[in-house]
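Participant: give the three-dimensional model of this entry:
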Amino acid sequence: MPKEIRDSAILNPAADTATGITEIRRQESLLKTRALQNAILSSANFSVIATDTKGVIQIFNVGAERMLGYAAADVMNKISPADISDPQEVIARAKALS
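Facilitator: Sure, this is the predicted structure:
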């Protein structure tokens with residue numbers, strides 16, 4: 001059992017109940033899912049960039065780092081994809097797709 005889940009069970013007396021056990025299992029499942037998602041994104045040979053609702057980059061995988069030449073730490077939670085895009089290239093691609 002991961003430490004953070006074990007700690008939450010110790011700090012939460014309700015963890016002894018069926019509801020608490022169900023919650024612990026749900027948290028374990030979420031942790032496994034996140035670990036799998038991170039492994040997939042980190043090993044992908046393609047670029048993955050995702051933003052929040054404000055357009056700020058939240059995911060910038062290794063493929064994006066290789067393709068665009070920016071470190072994830074330099075762009076995540078700091079800029080939007082528009083800040084690292086060539087405006088003329090974006091216009092040309094938009095025309096080609098129209």
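
Participant: look up how far Asn38 lies from Ala44.
Facilitator: Going from Ala44 to Asn38 by Cβ to Cβ, to the nearest Å gives 11 Å. Just so you know, the C-beta spots here come from the backbone N, C-alpha and C atoms, and that holds for glycine as well.

Participant: how many residues are close by the closest residue to Ser47 other than its chain neighbours?
Facilitator: Nearest in space to Ser47, with sequence neighbours left out and distances taken as Cβ to Cβ, 6 or more residues apart in numbering, is Ala64 at 4.2 Å. Ala64 has 23 neighbours, counted by other Cβ atoms under 10 Å.

Participant: secondary structure element for Ala64?
Facilitator: Assigning secondary structure by DSSP states H and E places Ala64 in helix 62-68.

Participant: equivalent analysis for Leu30, please.
Facilitator: helix 18-43.

Participant: and that helix, how far out from the chain middle?
Facilitator: When distances are taken as Cα atoms, centre = their mean, to the nearest Å, helix 18-43 is centred 14 Å away from the chain's centroid.

Participant: helices or strands up against it?
Facilitator: Here helix 18-43 touches helix 3-11, helix 62-68, going by 3 or more Cβ pairs under 8 Å, 6 or more residues apart in numbering; DSSP states H and E.

Participant: which of those comes out lowest on mean pLDDT?
Facilitator: Considering the helices and strands packed on helix 18-43 one by one, the lowest average pLDDT is found for helix 3-11, at a mean of 56.

Participant: now do the same contact list for the closest residue to Ala72 other than its chain neighbours.
Facilitator: Here the nearest residue to Ala72 in space, its sequence neighbours aside, is Phe60; by Cβ to Cβ, 6+ apart that works out to 4.2 Å. Residues in contact with Phe60 (Cβ atoms under 8 Å, 6 or more residues apart in numbering) are 48-49, 70, 72, 75-76.
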